[in-house]
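> Got a predicted model here, sequence first, then my questions.
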Amino acid sequence: MAIVCMDRAVFAQAPPNVPISASTNTPPDADDNAWSFSASAYTYVVPDDRDYVQPTFTADRGWLHLEARYNYEALDTGSAWVGYNFSGGETLVWELTSMLGGVFGDTAGIAPGYKASLGWWKLELYSEGEYLFDTRSTSDSFFYNWSELTLAPAEWFRFGMVTQRTRVYKTDRDIQRGVLAGFSVKKVSLTGYALNPDDDKPTIVLAFGLTF
């Protein structure tokens, strides 16, 4: 799915800024007051099931992270998130966003979640996940996850592996595995995924991303 990847990996928020301590008289950097935005749309082509689009929109300012999703936890279901950005490192660069979300629609509940990335050289590991506490049926509570491991031989191209754990559509596999290839030009990215490529009919995902 989607927590888009989302590039931190592709489709992620812009790298967060570390807030200035309130105990100092140093004026904040200009970047701390600047908003960054991203939008993505993942189109799922699911064999023998309903095809759908999963859009995500994010807004970041310093430590603050805001996010809205649709069709992520379930079809015809939205979620709204607020989070805190952390980042650090030079040779080994890491980013972490801790989040709390409310889910509403065909599925409803409360979900703590995260987004995290770890980058070194041309390699990047990205993961997003959430645990949905379903307020209508506790038996439907579930851990959602999307993770990518990619190599970027050029700034405009990356490829790698992806895993997904979801209940948005029916699947015989608890964890779906697949491959990906992505291209980017300036602020636009396009990535293709094939989940369960060893199946007769793999699930295909086409993701479009924009940062601004």
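Thanks, I have it.

> and Tyr42, that one's in a strand?
Yes. Per DSSP: H, G, I helix; E, B strand; the rest coil, Tyr42 lies within a strand segment.

> who does it bridge with?
Gln54, Ala207 (DSSP bridges).

> Just the pLDDT for it.
The model reports Tyr42 with a pLDDT of 98.

> 19 is where my numbering starts, stick with that
Let's use 19 as the start, then, which means that last one is Tyr60.

> Let me know whether it touches Gln72 as I believe.
Yes. Between Tyr60 and Gln72 a contact is recorded at 4.4 Å, counting by CB atoms under 8 Å. Where C-beta positions appear, they are placed from N, C-alpha and C, glycine not excepted.

> if you count what's nearby, which of these two comes out ahead?
Tyr60 (25 against 22; other CB atoms under 10 Å).

> Relative to Ala225, how far out is that one?
Noted for Tyr60: a distance of 5 Å to Ala225, by CB to CB, to the nearest Å.

> now swap in Pro65 and tell me
18 Å.

> Could you check which of those two has the larger neighbour count?
Comparing Pro65 with Ala225 by other CB under 10 Å, the one with more neighbours is Ala225, at 24 against 14.

> you'd agree the more buried one is up against Thr209?
Yes. Counting by CB under 8 Å, Thr209 is a contact partner of Ala225 at 4.5 Å.

> OK, contacts around Ala212?
Gly196, Val197, Leu198, Pro220, Thr221, Ile222, Val223 (CB atoms under 8 Å, 6 or more residues apart in numbering).

> Please give me every residue in contact with the closest residue to the last one other than its chain neighbours.
Computed as CB to CB, 6 or more residues apart in numbering, the closest residue to Val223 that is not its neighbour in sequence is Tyr211, at 4.0 Å. Counting by CB under 8 Å, 6+ apart, Tyr211 makes contact with Val180, Gly196, Val197, Leu198, Ile222, Val223, Leu224, Ala225.
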